[in-house]
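**Q** Sequence first, predicted coordinates after that:
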Amino acid sequence: MENRYKTMNEGKFDFGFRGRMDAQGSVDLSREARRNGASLPVTALVDAFYAEVEKLGGKRWDTSSLLARLER
C-alpha cells in the first residue's frame, strides 16, 4: 500500500496484476465447482464485482480497481 495508495486515490489502476486475469481464473473455478456440485457464493460475488469494473472501462486494470466500484 505504501507504493500504491496515491495512484489508487487518483483512479490509476494499471500498475499491477490484471484483474481480468483473476476474473478468468474465477470463471474456471466456478465451472469446476459446478461440475463437482460445490457452492462458491463468494466467487460469484467477486465475478460480479469484476463485471462492474469492466463496465467502468477497467477490463485491463489491476486488482486494485475494485476500489473504483465504491466511487461511482
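**A** Done, it's in.

**Q** list the buried ones in stretch 60-72?
**A** 61-66, 68 (16 or more other Cβ atoms under 10 Å). In short, each C-beta sits where N, CA and C put it, glycine included.

**Q** Look up how far residue 2 lies from residue 11.
**A** 19 Å (Cβ to Cβ, to the nearest Å).

**Q** residues contacting residue 8?
**A** Applying Cβ atoms under 8 Å, 6 or more residues apart in numbering, we find residue 8 in contact with 64, 67.

**Q** picking up where we left off before, residue 11 and residue 2: who's more crowded?
**A** More crowded of residue 11 and residue 2, by other Cβ atoms under 10 Å: residue 11, with 13 against 5.

**Q** measure that one to residue 4 for me?
**A** For residue 11, the distance to residue 4 - Cβ to Cβ - is 12 Å.

**Q** list the contacts for residue 32?
**A** Counted by Cβ under 8 Å, 6+ apart, residue 32 has zero contacts.

**Q** after the helix or strand hosting it comes which helix or strand?
**A** Secondary structure assigned from DSSP states H and E places residue 32 in helix 19-36. Using DSSP H and E, the helix or strand that directly follows helix 19-36 along the chain is helix 41-55.

**Q** what helices or strands is that following helix leaning on?
**A** Applying 3 or more Cβ pairs under 8 Å, 6 or more residues apart in numbering; DSSP states H and E, one finds that helix 41-55 makes contact with helix 19-36.
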